[in-house]
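Participant: what's the 3D shape of this:
(one chain, ligands or ions: 2)
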Amino acid sequence: MYDANHLAFRLRVASIGRENATFLKNHQTGKTVTYGAFFENAERMASALVASGLKPGDRVAVQAPKTQAMLELYLGTVLAGGVFLPLNTAYTGAELAYFLGDANPRILVCTSAKQDELEEIASQTGVEAVFTLDANETGSLVQAQFEHPAGFKAVARNESDLAAILYTSGTTGRSKGAMLSHGALASNSETLKDYWRFTKDDVLIHALPIFHTHGLFVASNITLMAGSSLIFMASFDADDILSYMPVSSVLMGVPTFYVRLLGHDALAEVSKGMRLFVSGSAPLLAETHALWRKATGHAILERYGMTETNMNTSNPYEGERKAGTVGFPLPDVELIVTDPETGETLPRGDIGMIEVRGPNVFSGYWRMPEKTAEELRENGYFITGDLGKIDEDGYVHIVGRSKDLIITGGYNVYPKEIELLIDDLPGVNESSVIGVPHPDFGEGVVAVVVPEHGVALAAGDILDGVASDLARFKQPREVFIVDELPRNTMGKVQKNLLRERYADVFAETPKR
Ligand code: MCA
Ligand code: AMP
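Facilitator: Ligands and ions are numbered 1, 2, ... in the order given. The predicted structure is shown next:
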């Protein structure tokens, strides 16, 4: 028996009657799995987790490649009453040590290649069992799955119980774990399924990673809720995506996907039968929107979300999809624009802080009650840190961010985290990290560094110095050594001047 408010229950009910239909086709192996087999595998996974000591509310941390088994682990964790905690595969040991120390998972799942390194970190952070998802390995959950029967009875959970924690970078440099409940995840995917008209006939090209909201909750949960199918690719590859378009109906991607696909001659022909192209996680340039429409006849549907809230707004399925806007608040989401100083709601058209409220909003930051209180108001509104306005037709525009955030290829990078590491390097006096336009990634990371007096520093010293502590996508792509940073009268570094100064650094970088 499943609890009626259980995320897994709502996903399972949604796919009743689809037991023999394809849920997922694996691009790498060519194999398919039916809904029936997928849910059975997830149930076996849940049994294996419980047998290894998982109790309701325990975290299951996972850093593993994108495979069907990882999706089964996600659902298995939720069925077992656990809290799924996916981690970017690019994170280094130093970054993982922080997440494991903060979240205290009972179970860690990783690759056999990283097992030794992570077992050491895990033993210091209270992890009780380390598994892999590699087939035919001892200690593999894929092996353990088949030692356990299907038919696992979901552990009852309330709507407000946690189903997942996803870390999102913090302005102070410390990442914060966004606590996501069963109810928040289930309601948002049901809303989106209806808003974007998903049906069992849809085939979604899934080339996003599944350790973040976009690939895990938006793409995978909606597919499950609609009983549709996935074409599951390990990562982005333009030729592979184009080859599947004639047998697919929907693509979800970050703007970099669309920029890269535009460079291919086959696009116009193969996209003819597609139903929907969705973009999000970073701003889609109006230019990309226009070029896509010209090449394919399709208007990309841009939507806006956050790790803390899942999706908040979307351009309409029917009606005008306005380039440069993120559309309307979703049916169950309230969105207001407030004065960042006073918190007063501003009149339509004025630019201010975007705040959102609804069943999609998270439950707070894991073990950070003060941060939660700063960003989540008592009346339920979440202060997003995005600056925007609502235009005369009701469309939401994001015009900037009050948070010092860089979004590169859809991944978020908080400058503070990098600045702290650079400032600690020998010979460095201070640094400032900024994002500037990049033709492929949208924004590229640039570090501007001031050496200590009399010290000769080279860019390579900085890059080598941070390499082992930072995921590759966070590492600066350019480093400039300067005598001083521009400051205002208050002594604050004027990042806007730095962004202007280095605006063209990546101008010559080819679009892919
Ligand atoms: C890879 N690299 C990157 C990025 N990705 N550098 C900066 N930014 C990136 N995003 C590095 C690689 O390590 C490599 O380093 C070099 O860049 C070239 O890699 P390449 O082969 O071109 O990369 P790729 O494998 O093709 O990946 C690019 C990508 C990928 C397809 C854009 O980053 C991606 O799938 N991004 C999607 C992220 C995502 O799902 N975001 C959603 C978050 P080297 O120099 O060593 O070769 S959820 C969210 O934001 C909210 C909630 C929302 O609204 O959805
Ligand atoms: P994350 O930390 O991964 O949850 O990223 C959330 C942030 O991505 C938001 O606060 C926005 O700044 C940004 N974002 C997501 N979708 C869009 C979009 N369509 N346009 C502009 N920014 C976006």
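
Participant: what pLDDT does residue 491 get?
Facilitator: If you check residue 491, the pLDDT there is 89.

Participant: Now do the contacts for residue 107.
Facilitator: By Cβ atoms under 8 Å, 6 or more residues apart in numbering, the contact set of residue 107 is 49, 52-54, 58-61, 82, 127-131. From N, CA and C alone the C-beta is placed, and that goes for glycine too.

Participant: hmm, which of these are the buried ones?
Facilitator: Neighbour-count burial (16 or more other Cβ atoms under 10 Å) is assigned, among these, to 49, 54, 58, 59, 60, 61, 82, 127, 129, 130, 131.

Participant: got the contact list for the third one?
Facilitator: This means residue 58. So residue 58 contacts 82, 83, 105, 106, 107 (Cβ under 8 Å, 6+ apart).

Participant: Helix, strand or coil: sort out the closest residue to residue 290 other than its chain neighbours for me.
Facilitator: Nearest residue to residue 290, sequence neighbours excluded (Cβ to Cβ, 6 or more residues apart in numbering): residue 323, at 6.5 Å. At residue 323, secondary structure determined by DSSP: H, G, I helix; E, B strand; the rest coil is coil.

Participant: so residue 323 sits right up against residue 289, yeah?
Facilitator: Yes: with contact defined as Cβ atoms under 8 Å, residue 323 and residue 289 form a contacting pair (3.8 Å).

Participant: Among these two, which residue is more densely surrounded?
Facilitator: residue 289 (23 against 18; other Cβ atoms under 10 Å).

Participant: which residues touch that one?
Facilitator: By Cβ under 8 Å, 6+ apart, the neighbours of residue 289 are 299, 300, 302, 323, 324.

Participant: And those residues, which of them are buried?
Facilitator: Buried among those (16+ other Cβ under 10 Å): 299, 300, 302, 323.

Participant: possible to save those residues as a markdown table with pLDDT and secondary structure?
Facilitator: Converted to a markdown table, the buried ones among the contacts of residue 289 look like this (pLDDT from 0 to 100; DSSP: H, G, I helix; E, B strand; the rest coil):
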| residue | pLDDT | secondary structure |
| --- | --- | --- |
| 299 | 98 | coil |
| 300 | 98 | coil |
| 302 | 98 | strand |
| 323 | 98 | coil |
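
Participant: Farthest-apart pair in those residues, please.
Facilitator: Greatest spacing in those, by Cβ to Cβ: 299 and 302 (9.3 Å).

Participant: Find residues that contact each of the two.
Facilitator: Joint contacts of residue 299 and residue 302 (Cβ under 8 Å, 6+ apart) are 289, 321, 323.

Participant: For residue 230, see how far away the last one is.
Facilitator: Read that as residue 323. In this view, residue 323 and residue 230 are 28 Å apart by Cβ to Cβ, to the nearest Å.

Participant: what's the answer for the second one, then?
Facilitator: As for residue 321, its distance to residue 230 is 24 Å (criterion: Cβ to Cβ).

Participant: Neighbour count for these two, which is higher?
Facilitator: The neighbour count for residue 321 versus residue 230, taken as other Cβ under 10 Å, is higher for residue 230 (26 against 20).

Participant: How is the more buried one assigned, secondary-structure-wise?
Facilitator: Relying on three-state DSSP, one would call residue 230 strand.

Participant: can you pull the pLDDT of it?
Facilitator: Per-residue pLDDT puts residue 230 at 98.

Participant: residues contacting it?
Facilitator: Going by Cβ under 8 Å, 6+ apart, residue 230 touches 23, 24, 25, 203, 204, 206, 219, 220, 223.

Participant: again, but for residue 384
Facilitator: By Cβ under 8 Å, 6+ apart, the contact list for residue 384 reads 306, 308, 309, 312, 353, 354, 355, 356.

Participant: What of residue 453?
Facilitator: residue 429.

Participant: What's the separation between it and residue 429?
Facilitator: 7 Å.

Participant: in which helix or strand would I find the residue of the chain most remote from its centre?
Facilitator: In terms of distance from the mean C-alpha position of the chain, residue 454 ranks first, at 42.8 Å (Cα atoms, centre = their mean). Using DSSP states H and E, residue 454 is not contained in any helix or strand.

Participant: my guess is residue 483 is in a strand, correct?
Facilitator: No: the assignment for residue 483, made by three-state DSSP, is coil rather than a strand.

Participant: just checking, it touches residue 450?
Facilitator: Yes: contact criterion Cβ under 8 Å: residue 483 and residue 450 qualify, at 6.8 Å.

Participant: Near residue 353, how many residues? Count them for me, please.
Facilitator: For residue 353, using other Cβ under 10 Å, the count is 20.

Participant: packing partners for the host helix or strand of it?
Facilitator: Counting by DSSP H and E, the element that carries residue 353 is strand 352-357. Here strand 352-357 touches strand 334-338, strand 382-390, going by 3 or more Cβ pairs under 8 Å, 6 or more residues apart in numbering; DSSP states H and E.

Participant: Out of those strands, flag the one nearest residue 376.
Facilitator: Here strand 382-390 is closest among the helices and strands packed on strand 352-357 (Cβ to Cβ), at 5.3 Å.

Participant: send the alpha carbons of the closest one over as PDB?
Facilitator: Extracted C-alpha coordinates of strand 382-390, given in PDB (Å, rounded to 0.1, in the frame of the first residue of the first chain):
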ATOM      1  CA  PHE A 382      10.200  32.900  -1.200                       C
ATOM      2  CA  ILE A 383      12.600  35.700  -2.100                       C
ATOM      3  CA  THR A 384      14.200  34.400  -5.200                       C
ATOM      4  CA  GLY A 385      17.200  36.800  -5.600                       C
ATOM      5  CA  ASP A 386      16.100  37.400  -9.200                       C
ATOM      6  CA  LEU A 387      15.200  40.900 -10.300                       C
ATOM      7  CA  GLY A 388      12.300  41.300 -12.700                       C
ATOM      8  CA  LYS A 389       9.000  42.800 -13.700                       C
ATOM      9  CA  ILE A 390       5.600  41.900 -15.000                       C
END
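
Participant: quick one: that strand near ligand 2?
Facilitator: Yes: contact of strand 382-390 with ligand 2 (Cβ under 6 Å from any ligand atom) involves 384, 386.

Participant: average pLDDT across that strand?
Facilitator: 97.

Participant: buried stuff in that strand?
Facilitator: Buried residues in strand 382-390, counted by 16+ other Cβ under 10 Å: 382, 383, 384, 385, 386, 387, 388, 389, 390.

Participant: Also stretch 323-341?
Facilitator: 323, 325, 326, 327, 328, 329, 330, 333, 335, 336, 337, 338.

Participant: Centre of the chain to it, how far?
Facilitator: 20 Å (Cα atoms, centre = their mean, to the nearest Å).

Participant: Is that stretch positioned near ligand 1?
Facilitator: No: using Cβ under 6 Å from any ligand atom, stretch 323-341 never reaches ligand 1; the gap is at least 9.5 Å.

Participant: Identify the residues contacting the residue nearest to residue 290.
Facilitator: Residue 323 neighbours (Cβ under 8 Å, 6+ apart): 284, 286, 289, 290, 299, 302.

Participant: Among the residues you listed, find me the one that's closest to residue 14.
Facilitator: residue 302 (25.8 Å).

Participant: Thought residue 321 was touching the closest one, still the case?
Facilitator: Yes: Residue 302 lies in contact with residue 321 (Cβ under 8 Å); the separation is 7.1 Å.

Participant: tell me the phi and psi of residue 325?
Facilitator: Note on residue 325: backbone dihedrals following degrees, to the nearest 10 are phi -120, psi 160.

Participant: Spatially, and excluding backbone neighbours, which residue is closest to it.
Facilitator: Of all residues apart from its sequence neighbours, residue 395 sits closest to residue 325 (Cβ to Cβ, 6+ apart), at 4.1 Å.

Participant: and the one you found, what does it touch?
Facilitator: If a contact means Cβ under 8 Å, 6+ apart, then residue 395 has 315, 322, 325, 326, 327, 328 as its contacts.
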